[in-house]
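# Kindly generate the corresponding structure for this input.
(chains A and B)
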Amino acid sequence: MLFRKMLRDLKEQKGAYAACVTVIAIGLMVYTSLSMVMDNLRLAQQSFYEKQNFADGFVDVQAYPYNQVAKLAQIDGIAQIQGRLIKDVRVINPIEKGGNAIHSFPEAEDNIYLRLVSLDTSQTSLINDVFLLEGIPLTEDSLNLWVDNKFFEANALQLNAELSLIIEGKKETFQVTGMGQSPEFIYAMRTTSELIPNPATFGIGYLPLEVMQSLFNAKATVNNLVFTLEPGASFEEVKAYLETELKPYGLKSIYPRKDQTSHLLLSQELTGLGATAKYMPLLFLAVAAMILYIMLKRMIELQRTQLGTLKAFGYTNREIVLHYLSYALLTGLTGGLLGGILGSALTEPFLSLYRQYFNMPGLEAAFSPGYFFLSLILSTVFSLAAGYQGCRKILKLEPAEAMRPVAPPPGKKIILEKFAFFWQMLTVQGKMALRNMLRNKLRTAFLFLGMMFTFTLLALPWSFKNLTDVMLFDQFEKIETYDVKIPLAVPLKQRAAEQELAGFPGVKNVEALAEAPVKLQNAWHEKDVVLLGIEDGSTLYNIIDNSGNTLDPPSGGVLISERLADLLEAEPGTVLTVESPFFENTEIKKELTVVGVIPQNVGINAYMEITSLQEFLGQGELATALLLSIEEESIPLLKEKYNNSMLINGIENRLSLLRQMQDLMDSYTGMFYAMFIFGIIIGFAIIYNSSVITLSERSRELASMMVLGMSPKEVLDVITFEQWFVSFFAMLAGIPLTKALMAAMAEGIGSDVFTFAPEVNADAIILAFLITTASIIFAQLMAARKLKNLSLVDVLKSRE
Amino acid sequence: MKPDKSTKPLIRAKALSKIYQMGEVEVRALTGVDFEILENEFIVILGPSGSGKSTLLNLVGGMDQATSGELYYKDLPLHQADSKKLTLYRRDAVGFVFQFYNLIPNLTAWENVSLSAEIAKNPFDVSTTLAQVGLAHRGDHFPSQLSGGEQQRVALARAIVKNPDLLLCDEPTGALDSQTSIQVLKILKEFHENYHKTVIIITHNAGVAAIADRVFYLKDGAISKIVTNAQPISPEKVTW
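Residues are numbered from 1 along each chain as shown, chains lettered A, B, ... in the order given. Alright, predicted model coming up:
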């Protein structure tokens, strides 16, 4: 019978319980789906790394003799070491050349690049081995290559299709004989500044080492080494050995797996997922638990005489507590079940999103009963704990006491009443609301916390989105303001190169850029970065300080980015030790003084005036890239003339980069809207429940007011005043909370690729404010419907 | 037919006192009362508001603990019983009827009665009991769909169905008109006579006293006198 009572009680308050169930379900949906996705990604990553023998360390070097690589394996701690050639080349798109025969790329308006990676066919167990999905082994007798599957699919390639590449200035045509995946390029970007893989314009090509060596005139040398470590070996020790050995050969950098771009981005994604899977559900469960607690507590107060009657019949405390707990249990179970089911169902769509960006096998949704049941257990435990807290009072209540009306709460004046001026301003409803608030401190606190979370949940994603938008666009609208960037395949004489392009029709301005790979050291801190040499008074590459002013590149020292300054523990005045493969004599170390620290969101760099940098390097007036300001109509002409030049690595159009950024941001939009909706639901659930509780608790008082001739709206003011009053301060408190969370996110997300300052912008605050307000109004309207149904006669007739 | 009166005491009280803390006020509800109630007795407790009637009933019903004194149900010392023992006592031995019915609003009449039968050791049949109070046809109505008299009869059925040794009624006719009150009293009397159970009614209506075997008069928390009716009258003859 008590079960029937419960069902009917639940039905009466179905709105309130439904809100509670929804909040629980959302929390657990996030939990199960993200946990399952994370597990899947992690497992896929681990098994892929293991199967394809993913490297522990990576080395970039100018040229190292191939036949000496085997000797490096003697170094203590190295399990395996292999040499490779890695070169970026451009793919000829027959459409732009009006060519025929071979595969064309109708979609790509930009340059298409392949990163050619050699595969040493003489090795039995390759490091970073390619997982061939389709095709046949590579042969050395003809020009054939494998490409990565994303590039293959994005460009609608077929096996045996022909691709023409520009290699050392010559056109070479290859046959595609296979396609596959590599653990090294799970997240494949050409440069880290692209931030998002674009398989239509950038892919990986795999060639036999020997073929590549002969194509690139790199006889018997390699420019990249990969190695695996013995179990327990220290990367740093191995690195030290390798440094001494490789320095004479133009060592550029040695970095561990954790700094490898693809791995880094995948790991960051996993960390982020893990945090979201942990904290989001906790927040939702906490809100649901508070709602349940307050609802049960209130219900028990309202059903005091029923409870007393049950006790009078001889129902035991256990039976009664269990009865009331069953409300919580049912709510928790329903929410958990719903969340578990929805979450499991969402795993596949989430994974398909990841499949778009992360290229590895094994990303298939698998139902995990573990998480499903864990979510059930979580929701049940949370609900029961909340429910038990809510109905603990039953245990203490003597049946006779339960039958008597509650002693009226002491009607004391509240502190606010001492501020006569303020107090006089309030309407009677306002006074009632304020007194009520202070008497139910716990409930008021909950309302406050809940609304603060709602606000934060709305402000945080929006703020984050705005911030990333602004920063990315800053990079390409304020900092890199050229129209076209031409990276050079080999460093050229600055003046000659500038003169060559300055005369090109449509070119308004040409500037040279020198990018020198350097190792910067301050005491025991060191970091491999690119030192940028920028022309004095540059208008195409701007250095901007914290207050938005453009700085001139320094000639007597370096400017470094904030993150770099942190990593090196350097500040203006610090003298850094510099090593570079670009030095005339790579054995020596030189010194540079830090003259300033500047903000940099994308990448980390050091900056100098180009002539000073050239002098510092001692290699004459070299430039590694050219920046152009050019009429847009002239760009195709420029491409036509220079694209096939062996001196350049391509022609980058800033606008298309910008467009890519836009695409990246758009791909996140769905997530932002989801967070938004979650925020609205939580806000609604809290306000609606708070209204319903107040309504039921004070129905007598409210009905009396209506009998006195007040309109339902005036009566409702008692409830709404309280909610607005609390919510207003809660929203204010949400601003610093959002700031704190942004700071935590900045800390967590910040990497060498991407850093940002934790700022909360006004847009986000206003938007969160408006939406929170809207959800409050909506919930109040729903509650007002309940008030209209209040029967005055019934309420007033019933015994107190 | 009137059954033979037993002489075995069912309830014994000695110097029973109860002091409440109501908010900031101390209420001395019972100030050391002594009495015995026998098996198969029909008792009416009379007294004005605040005389301690309800307190006395609550103590006897195991709903509350005495502040001092002794109280026995048969050999069970209620004054020493912990809340578990009291719960069991209420569950097995006592039936309660309240002035304001206290039906569970979300359960139908039949379900309300059944709720109580479910936990009893030796209950009567639910439908039969409902029929006994004349509500066989209203079993699937919710309390809000019943009149006051009907609700009180459901409450009676709910107390009787447990087949308790002791039926305690707190102003059972307090909220009812005279016709309905007579109906309720008749049901109580029938239960007493048919099953030889002890019934205690508290009321401030002096007329009701005439149907009792004995009448306790309560005033200011003490029993002022106990009157034995040689010839209890039937409920129809009660004057209102």
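# what's the burial count for residue 189?
I went with chain A, as the question did not name one. Residue neighbour count, defined by other C-beta atoms under 10 Å in any protein chain shown, stands at 18 for residue A:189. From N, CA and C alone the C-beta is placed, and that goes for glycine too.
# switch to chain B, that's the one I care about
Using other C-beta under 10 Å, residue B:189 is surrounded by 17 other residues.
# Quick check: closest non-adjacent residue to it.
Among residues not flanking residue B:189 along the chain, residue B:235 sits closest, at 5.7 Å (C-beta to C-beta, 6 or more residues apart in numbering or on different chains).
# Would you tell me which residues of chain B are close to chain A?
Chain B comes close to chain A at residues B:22-24, B:55, B:58, B:61, B:63-65, B:83-84, B:87-92, B:94, B:96, B:98, B:100, B:102, B:104-107, B:111-112, B:114-116, B:118-119, B:158, B:162, as judged by C-beta under 8 Å from any C-beta of the partner chain.
# Narrow these to those in strands?
Residues from these lying in strands, with DSSP state E as the criterion: B:22, B:94, B:96.
# related to what we said a few turns ago, tell me the spacing between the residue nearest to residue B:189 and residue A:61.
Look at residue B:235 and residue A:61: by C-beta to C-beta, to the nearest Å, they are 111 Å apart.
# Strands of the stretch 151-300 of chain A, start to end?
Taking DSSP state E, counting those that start in this stretch as the test, the strands found in the stretch 151-300 of chain A are A:162-167, A:170-181, A:202-208, A:221-229, A:251-256.
# Format the ones you listed as a markdown table; extra columns: distance to residue A:397, mean pLDDT and mean neighbour count.
Converted to a markdown table, those look like this (distance: least, C-beta to C-beta, whole Å; pLDDT from 0 to 100; neighbours: other C-beta atoms under 10 Å in any protein chain shown):
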| stretch | distance to residue A:397 | mean pLDDT | mean neighbour count |
| --- | --- | --- | --- |
| strand A:162-167 | 82 | 87 | 20 |
| strand A:170-181 | 66 | 91 | 18 |
| strand A:202-208 | 71 | 94 | 25 |
| strand A:221-229 | 67 | 94 | 22 |
| strand A:251-256 | 64 | 89 | 20 |
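# Those strands into CSV, with extra columns for distance to residue A:432?
Converted to CSV, the strands of the stretch 151-300 of chain A look like this (distance: least, C-beta to C-beta, whole Å):
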stretch, distance to residue A:432
strand A:162-167, 78
strand A:170-181, 67
strand A:202-208, 66
strand A:221-229, 71
strand A:251-256, 65
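# Tell me which of those lies nearest to residue B:148.
Of all these, strand A:170-181 sits nearest to residue B:148, with 79.6 Å by C-beta to C-beta.
# picking up where we left off before, top of the ones in strands among the residues of chain B next to chain A by neighbour count?
Counting neighbours by other C-beta under 10 Å, residue B:96 leads those with 29 neighbours.
# what's across from that residue in the sheet?
Beta-bridge partners for residue B:96, by DSSP bridges, are residue B:168.
# ok now do it, which residues does it touch?
With contact set as C-beta atoms under 8 Å, 6 or more residues apart in numbering or on different chains, residue B:96 has these partners: A:309, A:312, A:313, B:61, B:63, B:90, B:159, B:168, B:169, B:170.
# Nearest to residue A:508, out of the residues you listed: which one, please.
Ranked by distance to residue A:508 (C-beta to C-beta), the contacts of residue B:96 are led by residue A:309 at 90.2 Å.
# quick check: longest helix of chain B.
Secondary structure of chain B per DSSP state H: the longest helix is helix B:178-195.
# If you count neighbours, what's buried in that one?
In terms of neighbour count (16 or more other C-beta atoms under 10 Å in any protein chain shown), helix B:178-195 has its buried residues at B:180, B:181, B:182, B:183, B:184, B:185, B:186, B:187, B:188, B:189, B:191, B:192.
# Dump that helix to CSV, keeping only the CA atoms.
Provided in CSV are the C-alpha atoms of helix B:178-195 (Å, rounded to 0.1, in the frame of the first residue of the first chain):
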residue,chain,number,x,y,z
SER,B,178,-25.2,13.8,15.9
GLN,B,179,-26.5,11.2,13.5
THR,B,180,-23.1,10.3,12.2
SER,B,181,-21.7,10.3,15.7
ILE,B,182,-24.3,7.7,16.8
GLN,B,183,-23.3,5.5,13.9
VAL,B,184,-19.6,5.7,14.9
LEU,B,185,-20.4,4.9,18.5
LYS,B,186,-22.5,2.0,17.5
ILE,B,187,-19.6,0.5,15.6
LEU,B,188,-17.3,0.9,18.5
LYS,B,189,-19.8,-0.6,20.9
GLU,B,190,-20.3,-3.6,18.5
PHE,B,191,-16.6,-4.2,18.2
HIS,B,192,-16.4,-4.2,22.0
GLU,B,193,-19.3,-6.5,22.5
ASN,B,194,-18.6,-8.9,19.6
TYR,B,195,-14.9,-9.4,20.1
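# tell me which strands and helices it is in contact with?
Where contact means 3 or more C-beta pairs under 8 Å, 6 or more residues apart in numbering or on different chains; DSSP states H and E, helix B:178-195 is packed against helix B:148-160, strand B:166-170, strand B:198-203.
# For the residue of chain A found nearest chain B, grab phi and psi.
When distances are taken as C-beta to the nearest C-beta, chain A reaches nearest to chain B at residue A:314, 2.5 Å away. With angles defined as degrees, to the nearest 10, residue A:314 sits at phi 100, psi 10.
# isn't it right up against residue B:95?
No: the pair residue A:314 / residue B:95 is not scored as a contact, 9.6 Å apart, by C-beta atoms under 8 Å.
# Now pLDDT and distance to residue A:133 too, for the buried residues of helix B:178-195, in CSV please.
Shown next, in CSV, are those (pLDDT from 0 to 100; distance: C-beta to C-beta, whole Å):
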residue, pLDDT, distance to residue A:133
B:180, 87, 87
B:181, 90, 90
B:182, 91, 93
B:183, 89, 88
B:184, 90, 86
B:185, 92, 91
B:186, 92, 91
B:187, 92, 86
B:188, 93, 88
B:189, 92, 92
B:191, 92, 86
B:192, 93, 90
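# Turn the strands of the stretch 151-300 of chain A into CSV, columns for distance to chain B.
Formatted as CSV, the strands of the stretch 151-300 of chain A follow (distance: least, C-beta to the nearest C-beta, whole Å):
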stretch, distance to chain B
strand A:162-167, 75
strand A:170-181, 61
strand A:202-208, 66
strand A:221-229, 67
strand A:251-256, 66
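# Would you mind telling me which of these is nearest residue A:269?
Per C-beta to C-beta, nearest to residue A:269 of those: strand A:170-181, 17.2 Å.
# re the thing from before, looking at residue A:314 and residue B:95, which is more packed in?
Under the criterion of other C-beta under 10 Å, the comparison of residue A:314 against residue B:95 puts residue B:95 first, with 28 against 25.
# Which residue, other than its chain neighbours, is closest to the more buried one?
Counting by C-beta to C-beta, 6+ apart, residue B:95 lies nearest to residue B:159, which is 3.4 Å off, once chain neighbours are set aside.
# For that neighbour, which residues are in contact?
Shown in contact with residue B:159 (C-beta under 8 Å, 6+ apart): B:95, B:96, B:97, B:116, B:167, B:169.
# let's go with 10 Å and repeat that
A:312-313, B:94-98, B:113, B:116, B:129, B:167-169, B:172, B:188, B:191, B:199 (C-beta atoms under 10 Å, 6 or more residues apart in numbering or on different chains).
# One more: residue A:551?
Taking C-beta under 10 Å, 6+ apart, we find residue A:551 in contact with A:542, A:543, A:544, A:545, A:559, A:595, A:596, A:598, A:607.
# Just the pLDDT for it.
Predicted confidence (pLDDT) for residue A:551: 87.
# burial count for whatever residue of chain B ends up closest to chain A?
Nearest to chain A, among the residues of chain B, is residue B:91, at 2.5 Å (C-beta to the nearest C-beta). A count of nearby residues for residue B:91, using other C-beta under 10 Å, gives 22.
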